[in-house]
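Q: just to be clear, the model below is a prediction. Sequence and coordinates:
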Amino acid sequence: MGLYLLLMGVQGAGKGVQAARIRDAYTLPHVSTGDLFRAMRTRDDALARKIQEIMKAGQLVSDEDTNAVLADRLQQPDAANGVIFDGYPRNIAQAEWLANYLESRGERLAAVLMLELDLYTAFKRAFGRITGADGSSYNIYFNSDGLDYAFVDHETREYPPKLVAKATATGETLQRRPDDASADAVLKRIDTYVESTRPLADYYREKGLLVTVNADQSIDQVWSDIQAAIERARVR
């Protein structure tokens, strides 16, 4: 039986970092529906063309089409021994489809790992993060050593102040993800997470699959807690 894990958590909870550690430790592909939809742009088959048309029209991808994209991914050889689901399922209907699909293959979810983080901290982790060209990561609220930064007013005050940050040692101007630079966009992502995650968390809790992990710890401690949860799930 394969190892199928679902990773959940608000933005800033560290899902990306922990998903990479799970991937490397257990040789599992990280399956994100966002990545799958973007990959459809490089394919030329019936399913890909359908998804491309939906995205070009600015429409939401239906549950049925999302499930079809996921099923296509799970049939790839590297997913034979399990996967890490991220960003899927987004609702109860998708969760039930996934359970039925895995059952049809003699598989099941081993655990749903919920990285818990209070929403105020989540906001600061997202809004305050900046990166260098070499991938180095900082946060003006939690990891600002080696930074020179300031919120600079727009010339005409037509727009909100802009965060300008440079690496003290090199003078390199650091960058922000566009969706992190807007406080409104960050809050909307948090709101969407809260609205979609609460019913899913209850759904998986009732099935005895939900494992909560305190994400307000060091990366290594969060990883240690995740490993312990996975090992418990594997022997159930």
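A: Yep, that arrived.
Q: which parts of this structure are helices?
A: Secondary structure of the chain (DSSP state H): helices located at 15-26, 33-39, 46-56, 63-74, 92-104, 119-127, 178-181, 183-206, 219-234.
Q: okay if I get those as a markdown table plus distance to Asp145 and mean pLDDT?
A: Every residue, glycine included, has its C-beta placed from N, CA and C. As requested, the helices of the chain are exported to a markdown table (distance: least, C-beta to C-beta, whole Å; pLDDT from 0 to 100):
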| stretch | distance to Asp145 | mean pLDDT |
| --- | --- | --- |
| helix 15-26 | 19 | 94 |
| helix 33-39 | 32 | 79 |
| helix 46-56 | 41 | 80 |
| helix 63-74 | 40 | 88 |
| helix 92-104 | 42 | 95 |
| helix 119-127 | 16 | 92 |
| helix 178-181 | 20 | 77 |
| helix 183-206 | 23 | 88 |
| helix 219-234 | 17 | 95 |
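Q: in a markdown table, list those along with distance to Glu155 and mean neighbour count.
A: Shown next, in a markdown table, are these (distance: least, C-beta to C-beta, whole Å; neighbours: other C-beta atoms under 10 Å):
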| stretch | distance to Glu155 | mean neighbour count |
| --- | --- | --- |
| helix 15-26 | 35 | 16 |
| helix 33-39 | 35 | 15 |
| helix 46-56 | 36 | 14 |
| helix 63-74 | 44 | 17 |
| helix 92-104 | 47 | 15 |
| helix 119-127 | 23 | 18 |
| helix 178-181 | 18 | 14 |
| helix 183-206 | 20 | 14 |
| helix 219-234 | 40 | 15 |
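Q: identify whichever of those helices lies nearest to Ser144.
A: Proximity of the helices of the chain to Ser144 was assessed by C-beta to C-beta; the nearest stretch is helix 119-127, lying at 11.7 Å.
Q: residues touching the closest one, excluding its own?
A: Applying C-beta atoms under 8 Å, 6 or more residues apart in numbering, the external contacts of helix 119-127 come out as 10-13, 117, 139, 141-142, 180, 183, 186-187, 189-190, 194, 216.
Q: same question, stretch 229-236
A: Under the criterion C-beta under 8 Å, 6+ apart, residues 3, 5, 22, 26, 110-111, 113, 211, 213 lie in contact with stretch 229-236.
Q: much appreciated, bye for now.
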